[in-house]
Structures are given as structure tokens and as C-alpha cells.
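**Q** here is the input, now give the coordinates:
(chains A and B)
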Amino acid sequence: MPPASEQHILLQLDRTVHEPARLAILTLLAVVETADFVFIMHRVGLTGGNLGAHITKLQERGFVEVRKEFVEKLPRTLVSLTESGRAALLEYRRTFQQVLETIPAGPKAS
Amino acid sequence: MEDLERVEEHTYRSVFDDGLMDLFAGVLVLGFGISMVTGSFVPMIPNYVLPFLWRPIRKRWITPRMGYVRFTTGRRQKERTAMHKAVVAGLLVFLAGAALAITIGVQLIPIRHQAVVHSIGLMFALAMLTITVTMRIRRFVAYATVMLLAAVAGVAFGLSAEVYLNGIGAAMTLAGVAMLWRFARKHLAIPPEKHHAAS
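**A** Here you go, the predicted structure:
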């Protein structure tokens, strides 16, 4: 397999971030301090089980932190973006902008 | 990053899409309107109770359905500033209402009475514009615009303040109720112990 530097730019996208549901989750978490499962579920439009699977995947990569807290005397599971997750999101954005530049704007002249 | 700023603003605005603010604002305006028709202060009593109900209702009814989110320190600071400005605008409305309550039973020169009455419409428009600008809840632009135009029509063409305050108040209240209904249907209540499921 060719080294990363020689791979097509598309292949350099982080697959964990590139998945649409996980990208939506990371983007949402990038603009808030923290949110619970219900809020993320409604904003991103996933079922609870589906969301749980994606959060687990992100947690395994260290992109999100999951912790239980008491908020106004009620137990909640809160999800926050880690520094590593923020860096991964920004790197994905940078790489994707390069991808967009490789896509032709219109049909090639014959 | 401008795009993340837009996402943040959109996410923040969505927190108020439940319609509770519209309902509260509508009841406030209706309180004044009905008070002017009846000549009684009683319909305005909810106006002074509602601010204290905002947090308990959001905590007990809205958040269990919508979920919990904590925005960044910067956004929380902006929200506090917005609330302070809304309180100032609300106090101005209160002063206008107090002036009306003092004058409504008194036979005054008609021009002076009308100026006091229409100033309430202008102050409501001011309060709603404050909410729009500081909290970026754009539908309050529509409310403020209609209120402003009605107040101007009141001064220019003699449109009765009772009519437009009650009309606009009723419309806002109905809009709030409709939005709350839609919110309740879309977001079923989830018991607190299930908020930390899926792990």
C-alpha cells in the first residue's frame, strides 16, 4: 500500500470522522461545552441505540469524553468533545477543503 | 471559523423553538390589552408572575423532552447580557403600563391619553427587538414589526390600542401554544434514569 503522502486525498480522510452521523455529532459538540444523549439524539436525528454506537466509536478514538454528572439534582450522561476530537475535526475540515479543490467545477471541455 | 459560528448560533436558537417564549410574550401583551378594555389591573397580574415561572417550566417540562445542553462560557455571557437588556426593556414597559394604570380611570386630555397608550405598543416592540437582536430569535422581528406598525397606525390614523394589543397578543399566544404542541408531539418525555442510557 502506498504511503499516506502518495494516497489520493480522499483516502486520507479520517473514516471515523467522515461517517455522516459521527461528523454531525462532532460538529454539534464543537459548538457547545457539553450535551446529554437526548439533546444530541434530537439535534442529529438518530435513535438512542444508533447514537450510542457512534458515541462508543468516537470514545474509542478519544474524540469524545462521556461522563455522568448531576445537573440540577438529576443524573445525566454528558458528552463533550476532547482536544483530540477538536483537532481531528479541524484536520478533517482542512483535508476536505483540499478534496473539494480536486472536484471539477463543470464538465470538461471536449 | 465562521461556519462553526453559524452552527453554534443555529443550535442556540433551536433551544427556544419550543414556543414557550412566544407564549409568555403573548400573555404579557394580552394582559395589557385586556386590562385596557376592562379598566382593571387584574389581567396584568400574570405579567409579574410569569418571569418566575420561566426556569421551573423549562427545567420540569422542556429540558426532559429536549435534552440538556450547556453552551460555552462566551455564549452564556451573551445570554446573561441579553436577559439584562430584556429586563430593562421590560421595566420600561412596566413604567408605561403604570402610567396607563394611573391615567386610565382619569379623564385626561385625549392626546395625552393616546400618547401613553401607544407608547406601550412601542415599548413592547422595543422589548421584542431586544430579544431578536441579543438572542437572535428571528421570529420576534415579525412580532416587533407588526407591533411597531400598529402603534404608528394608532398615532397616525387613530387605530385603537385595545384592538391591536389584544389582536397581536392573541396571535402570539396562539403561536406559542401551537409551537408547544408541536414540540410536545415531537419530543416525548424521557424519564431521567433513561437520560444516561446507551452506554
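
**Q** going forward, measure contacts and count neighbours with C-alpha atoms only.
**A** Will do.

**Q** in chain A, which spans are strands?
**A** A:34-36, A:64-71, A:74-81 (DSSP state E).

**Q** what residues of the lengthiest helix in chain A count as buried?
**A** Identified as the longest helix of chain A according to DSSP state H is helix A:83-102. Buried residues in helix A:83-102, defined by neighbour count with 16 or more other C-alpha atoms under 10 Å in any protein chain shown: A:85, A:86, A:88, A:89, A:92, A:95, A:96, A:99.

**Q** adding distance to residue B:149 and pLDDT, write the residues you listed out as TSV.
**A** Shown next, in TSV, are the buried residues of helix A:83-102 (distance: C-alpha to C-alpha, whole Å; pLDDT from 0 to 100):
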residue	distance to residue B:149	pLDDT
A:85	49	96
A:86	47	96
A:88	50	95
A:89	47	94
A:92	49	93
A:95	50	88
A:96	48	87
A:99	50	82
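
**Q** for those residues, work out which two are farthest apart.
**A** A:85 and A:99 (20.6 Å; C-alpha to C-alpha).

**Q** which stretches of the chain have low pLDDT?
**A** All of this is about chain A. Filtered on pLDDT under 70, chain A yields the residue ranges A:1-7, A:107-110.

**Q** the chain in question should be chain B.
**A** Confidence mapping of chain B against pLDDT under 70 gives the ranges B:1-2, B:90, B:93-94, B:96-98, B:100-117, B:189-199.

**Q** helices along that one, start to end?
**A** Under DSSP H, chain B gives helices at B:2-14, B:20-38, B:45-57, B:63-66, B:73-103, B:110-135, B:139-157, B:161-186.

**Q** near chain B, which residues of chain A? Just list them.
**A** Residues of chain A found near chain B (C-alpha under 8 Å from any C-alpha of the partner chain) are A:27-28, A:30-40, A:42, A:48-49, A:51-53, A:56, A:68, A:74-78.

**Q** derive a ChimeraX selection command for the buried subset of those residues.
**A** Buried members of those, defined by 16+ other C-alpha under 10 Å, are picked up in ChimeraX with:
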select /A:27,28,30,31,32,33,34,35,36,37,38,39,40,42,48,51,52,56,76,77,78
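
**Q** not counting residues beside it along the chain, what's closest to residue A:14?
**A** What sits nearest to residue A:14 in space, not counting adjacent residues and going by C-alpha to C-alpha, 6 or more residues apart in numbering or on different chains, is residue A:92, at 6.7 Å.

**Q** ignore the last one, residue A:95
**A** residue A:13 (6.6 Å).

**Q** can you count the residues close to that neighbour?
**A** Under the neighbour criterion other C-alpha atoms under 10 Å in any protein chain shown, residue A:13 is assigned a count of 18.

**Q** cool, and residue B:176?
**A** Residue B:176 has 23 nearby residues by other C-alpha under 10 Å.

**Q** so it makes contact with residue B:19?
**A** Yes: Residue B:176 is within contact range of residue B:19, at 4.4 Å (criterion: C-alpha atoms under 8 Å).

**Q** if I look at residue A:88, how far off is residue B:91?
**A** Residue A:88 sits 48 Å away from residue B:91, going by C-alpha to C-alpha, to the nearest Å.

**Q** meant to ask about residue A:12, not that
**A** On the measure of C-alpha to C-alpha, residue A:12 and residue B:91 end up 57 Å apart.

**Q** now residue A:76
**A** Residue A:76 is 37 Å from residue B:91, by C-alpha to C-alpha.
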